[in-house]
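Engineer: Here is a sequence with its predicted model. Questions after.
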Amino acid sequence: MTTDIKQMGSPLAARMIINKREVDYFCGTSYYALHGDPRVIAAACKALHEYGTGPGTLMDSPPLVEVVARAASFFETESAQYIVSGYLGDMLLTQALSNDYDMVFVDDSSHYSVFDGIRSTGKRIIPFSHLDPEDLIQKLRENLKPKQIPLVMSDGVFPMTGAIAPLREYVKALAPYEGALLCVDDSHAVGVIGEKGQGTLEYCGVQGDNCYIAGTLSKAFGGLGGIIPGNNELMEKISHNVRIPAGASPPCTGAAAASAMGLKIVSEHPEMRMQLWDNVASMRKGLRQLGVDVPDSPVPIVPVTGLSGVNLKQVQHSLEEKGIVVAHVPPRGYSDAPDKESLRIAVFSTHTREQIDKLLASLAKLL
Ligand SMILES: Cc1ncc(COP(=O)(O)O)c(C=O)c1O
């Protein structure tokens, strides 16, 4: 993915300074712009003053404890495991459950962290076609011996296209296999989709005993670090089967306090989610009116692609000249990027109607 962005000159915001110039910012993953929110910044600064950058050993600090409590409350689980990155979360989750399954079936366009995570388990890995439950059914039939237990893994929301994995269909495909598990990298969905913002499992209505997520606090929540919500049994499995929490330093105290504040803000202000969905609906509707094929969806990642005779790299540059920054994604330029170039528009809850209209009006002239 290229944005030609050199350097931020202000905290992240829907309107911010990049390369010494004030621009409308439609990139990245901070869907509520919380990374630049004064409450989040103040919480991080306070924690740094009170506790320094971190324990230096494996001690807990109040911000780390607060993240776990707030995450468990947000996801309505008994507990949660907080680690230094979302990237490592897929590894942590699939290693924790490694005694519970024999083989992994994975969407072939899943994020790099999903593949690195499942490879670390040493289990056999069978990729199935992107977003394709029929292919999953066939691969399950072809590869599983009687009594073998499958684990299915996928991104919940894909980072470049914003596609939502058909989790309900995956759960149906798994019904004949007793003990089958579903694990979802929900980095782009937590805090964003589902009635309570709990992510893709909630959105698809498949929350249950054998469904797990690895999320991140580094995107919608405005902080940093991976979060794996779950019951006490899962926490036991993590402590028995996974070395990351014991062998890696916890997130920096400032990052933890920022994450805790992000969780607090998203929990206490569901109206932010409604505003985000509203903005997403306006952007998607506006693009459809321009002839861009975008489905109705609450996901704030909106791709522009598949337009014949349009040079999207040129469109990105022209937008930038007008003070609007979007990302250009080359063909297959990221884990799930399509084989055609695309623009990736990230919608924030804090974008104004005027900003969205200006982007759409500019695109109307350029596409
Ligand atoms: C699908 C997905 N999973 C995991 C990650 C990594 O999350 P983190 O930045 O918290 O390490 C990303 C990062 O962009 C991602 O897109």
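Structural biologist: Structure's in. What do you need? Numbers count the residues shown, from 1 in each chain.
Engineer: Show me what residue of the chain gets nearest to the ligand.
Structural biologist: With CB to the nearest ligand atom as the measure, the residue in the chain that lies nearest the ligand is Gly86; the distance is 2.5 Å. Glycine gets a C-beta too; all of them are placed from N, C-alpha and C.
Engineer: quick one: that residue and Thr216 touch, right?
Structural biologist: Yes. Under the contact definition of CB atoms under 8 Å, Gly86 touches Thr216, with a separation of 2.8 Å.
Engineer: so what's Arg124 closest to, chain neighbours aside?
Structural biologist: With CB to CB, 6 or more residues apart in numbering as the criterion, Arg124 has its nearest non-adjacent residue at 4.8 Å, and that residue is Met103.
Engineer: That should have said Asn143, apologies.
Structural biologist: Going by CB to CB, 6+ apart, Asn143 has Ile126 as its nearest residue, at 5.3 Å.
Engineer: got it, and Gly197?
Structural biologist: Spatial nearest neighbour of Gly197, chain neighbours left out: Gly191 (5.0 Å); criterion: CB to CB, 6+ apart.
Engineer: so who does the one you found touch?
Structural biologist: By CB atoms under 8 Å, 6 or more residues apart in numbering, the contact list for Gly191 reads Tyr31, Tyr32, Gly197, Gly199, Lys219, Ala220, Phe221, Gly262, Val266, Arg273.
Engineer: Let's verify the residue of the chain closest to the ligand: helix, strand, or coil?
Structural biologist: Using DSSP: H, G, I helix; E, B strand; the rest coil, the structure places Gly86 in coil.
Engineer: residues in contact with it?
Structural biologist: Contact criterion CB under 8 Å, 6+ apart gives Ser113, Ser187, Ala214, Gly215, Thr216, Leu217, Ser218, Lys219, Gly225, Gly226, Ile227 as the residues in contact with Gly86.
Engineer: Quickly list what's touching both of Gly86 and Thr216.
Structural biologist: By CB under 8 Å, 6+ apart, Gly86 and Thr216 have these common neighbours: Ser187, Gly225, Gly226, Ile227.
Engineer: Pull out the buried members of the residues you listed.
Structural biologist: Listed as buried from these are Ser187, Gly225, Gly226, Ile227; burial here means 16 or more other CB atoms under 10 Å.
Engineer: among those residues, which two are most distant?
Structural biologist: The span of these, defined through CB to CB, is set by Ser187 and Gly225 at 11.3 Å.
Engineer: shared neighbours of those two, anything?
Structural biologist: Going by CB under 8 Å, 6+ apart, residues that sit against Ser187 and also against Gly225 are Gly86, Thr216, Ser218.
Engineer: Was I right to think the second one contacts Val192?
Structural biologist: Right, Thr216. No. With contact defined as CB under 8 Å, Thr216 and Val192 do not form a contacting pair (11.4 Å).
Engineer: who has more neighbours, those two?
Structural biologist: Comparing Thr216 with Val192 by other CB atoms under 10 Å, the one with more neighbours is Val192, at 30 against 26.
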